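Sequence and predicted model, in that order:
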Amino acid sequence: MNTIRHKKYSSFGLASAVLLAAALSAGSASASSHREAPAIAEDPVADNTDVYAWVTPGTHEFLYVVANWNPLEEPSGGPNFHKFGDDVLYEVHIARGPDSLEDVVTYQIRFYSKRPTRIDRDDIAEEEGLFNGIQFFRQLSAEPPQQFYSVIQKMGRHRRVLIEDAPVAPPNIGPRTDAVVYQPESGTYDDDFAATFIRDLHGGGRVFAGPRDDGFYVDLGGAFDLANITWDRKKPVDGVSGFNVHSIVLEIPTKHLTETGKAPKAGPSDEQTLGVWASASRRKVSIRRKRRQVQLGPWVQVSRLGLPLVNEVLIGIQDKDLYNRSHPRDDLERFGPYFLFPTIVKNAEVVGIYDELEVGDDTVEALKRGPDGKGRFDIVDAINLRNYPHEGAHDIKTVGDVLRVDMGIDSAFPNGRPLVGGAAPNQEQADVTDVLLTLILSGGKIPISDNVQANDRDFLPKMPFLPLPFQGFNEGHGVAP
């Protein structure tokens with residue numbers, strides 16, 4: 001069992017809890033894993049970027065999960081616009097309770113695309129129709145919607161199909177595509193048109209799948225110039241502004257997730273605290289043929305994500321690919337030293353961040369190895385909600401890269417990661433980039449920020465929560481300033 005014994009340490013744990021609580025009320029930026037590992041960087045359609053999860057404020061009636069894949073989608077990237085992988089198994093995993101990270105329920109999402117009608121060579125010259133294989137424009141190759149999906153719920157050995165043949169929202173290409181192909185009621189690709197792709201699930205809840213604006217906002221240029229985001233950074237830039245992702249959004253009745261089958265009880269509780277994460281898997285064997293590839297064998301996980309920044313910030317380059325292939329239940333055994341002795345603190349010392357912040361050597365040493373030299377248990381406690389919403393509120397034994405959500409209390413990072421409830425419409429509920437960098441790099445004692453404070457579009461108060469995808473015609477990165 002992936003458990004850890006809590007150890008005593010000075011004021012780090014309480015300081016971290018105070019910092020996290022303060023950040024919750026501030027609301028700002030977000031964090032994510034974009035191209036975080038060498039292997040998955042070459043397979044973007046299976047690359048997890050963000051996971052958000054929270055319960056309905058006040059009522060706690062539903063759990064919302066927003067899981068994103070395919071980082072840095074250029075909106076004008078045609079003619080083969082971005083899509084979900086037909087050969088990828090997308091999954092949302094949910095564990096429950098203090099003692100296990102095994103799934104109590106898994107949601108599997110599989111996609112398939114229409115194949116265009118093939119036109120014989122001798123008929124190409126005279127063919128004037130649309131929606132067949134000779135088209136230059138991809139959106140004219142098959143009638144919309146061009147991609148569909150199914151959702152299967154797994155609970156132990158039981159499998160239940162929640163929906164089949166649900167349409168995927170199409171890419172937001174431009175006004176001529178709207179007029180000729182999509183023909184939305186309003187005439188434009190707007191929120192009402194996107195909402196037509198929300199579908200009811202069998203037994204309760206809803207689902208959406210399709211492209212959306214990437215809600216991640218961070219100074220990528222500064223962050224990856226050896227964390228050059230401190231005092232001398234004159235013009236921090238949102239490195240993912242204007243890019244899209246592909247999102248799966250699930251609305252799940254919380255009574256389906258409790259052990260009793262009833263609504264969650266009010267108040268903090270280890271027993272009704274969930275561990276949420278998402279993954280992508282591919283078949284073990286791929287055979288290349290002249291016309292198309294064939295995939296065979298069991299599914300092999302190639303990417304995963306729970307908490308923001310874990311693989312990106314804590315795990316070393318040598319183990320990032322292994323991390324993506326691993327299950328959270330194995331994180332303590334395989335990657336425990338990365339959590340307890342964060343390498344990024346040593347890197348920050350080498351590149352001069354602590355000199356800039358005038359942090360003494362004794363404090364830096366404690367940030368590397370913990371106040372007693374036995375590890376940074378303040379990081380573990382923050383992940384496991386030990387001191388949230390108050391000191392000693394939880395006693396979760398397992399350690400792994402999952403986003404904890406206590407269904408009995410309103411969600412606020414690190415208890416979930418809501419897209420709703422930010423200080424402004426273009427801010428998610430908490431600045432998780434700043435919160436986690438401050439926790440890891442200073443133990444909660446010195447605020448550290450990337451200085452990017454808002455998304456490039458407003459979030460929505462309802463499904464699918466992320467803003468509309470940017471349009472290729474006049475909103476891509478090639479648009480003149």
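Perfect, I can see it now. Numbers count the residues shown, from 1 in each chain.

List the beta-bridge partners for W54.
Beta-bridge pairing for W54 (DSSP bridges): Y64.

and if you look at Y107?
So, taking DSSP bridges as the rule, Y107 has V92, Q153 as bridge partners.

I'd assumed K374 was in a helix, is it?
No. With DSSP: H, G, I helix; E, B strand; the rest coil as the criterion, K374 is located in coil rather than a helix.

ok, now how distant is it from A39?
Relative to A39, K374 is positioned 33 Å away (CB to CB, to the nearest Å). Every C-beta, even on glycine, is put in place using the N, C-alpha and C of the backbone.

Over to the spatially closest residue to S326 that is not a sequence neighbour. Which of the three states is it?
In space, and not counting its chain neighbours, S326 is closest to R334: 6.0 Å by CB to CB, 6 or more residues apart in numbering. At R334 the chain is in helix, as set by three-state DSSP.

isn't R334 right up against R325?
No. Applying CB atoms under 8 Å as the test, R334 and R325 come out as separate, 10.3 Å apart.

who touches the residue nearest to S326 in this structure?
Shown in contact with R334 (CB atoms under 8 Å, 6 or more residues apart in numbering): D319, L322, Y323, S326.

try T49
S32, S33, H34, N68, W69, N70, P71, D214, F216, V245, L305.

Let's see which of those end up in strands.
Judged by DSSP state E, strands contain the following of those: N68, W69, N70, P71, V245, L305.

pretty sure the last one is touching A46, no?
When you say that, I think you mean L305. No. The criterion here is CB under 8 Å, and L305 misses it with A46 at 11.5 Å.

Look at these two and report which has more neighbours.
Applying other CB atoms under 10 Å to L305 and A46 shows that L305 carries more neighbours, namely 28 against 24.

Could you tell me how many residues sit around the closest residue to the more buried one other than its chain neighbours?
Using CB to CB, 6+ apart and skipping residues adjacent in sequence, the residue nearest L305 is N48, 3.8 Å away. For N48, the tally of surrounding residues (other CB under 10 Å) stands at 28.

swap in G444?
If we define neighbours as other CB under 10 Å, then G444 has 24 of them.

ok, now Y107?
Neighbour count for Y107, taken as other CB under 10 Å: 24.

same thing with H202?
Neighbours around H202, by other CB under 10 Å: 12.

cool, and E349?
Neighbour count of E349, defined by other CB under 10 Å: 18.

ok, now N80?
Using other CB under 10 Å, N80 has 8 other residues around it.

wait, doesn't it sit right on R138?
Yes. Counting by CB under 8 Å, N80 touches R138, with 5.6 Å between them.

circling back to that earlier point, next up, the contacts around the residue nearest to L305.
Residues in contact with N48, defined by CB under 8 Å, 6+ apart, are S33, A67, N68, W69, A278, S279, A280, S303, R304, L305.

if we go to 6 Å?
By CB atoms under 6 Å, 6 or more residues apart in numbering, N48 lies in contact with W69, A278, S303, L305.

for the residues you listed, which one is nearest E358?
L305 (34.8 Å; CB to CB).

any idea how far that closest one is from E251?
Distance, L305 to E251, by CB to CB: 20 Å.

cool, E365 as well?
47 Å.

of the two, who's got more company?
Taking neighbours as other CB under 10 Å, E365 and E251 compare with E251 leading, 21 against 14.

so that one sits in a helix?
No. Counting by three-state DSSP, E251 is not part of a helix but strand.

That one touches V65, doesn't it?
No. With contact defined as CB atoms under 6 Å, E251 does not count as touching V65 (8.4 Å).

returning to what we had before: and the contacts of T49, which is closest to P144?
Among the contacts of T49, N70 lies closest to P144 (CB to CB), at 19.7 Å.

which residues touch the closest residue in space to that closest one that isn't next to it in sequence?
Once flanking residues are discounted, N70 sits nearest to H246: 4.7 Å by CB to CB, 6+ apart. Contacts here follow CB under 6 Å, 6+ apart; on that basis H246 touches W69, N70, F84, P211.

Any idea what H246 is bridged to?
On the basis of DSSP bridges, H246 is bridged to W69, P211.
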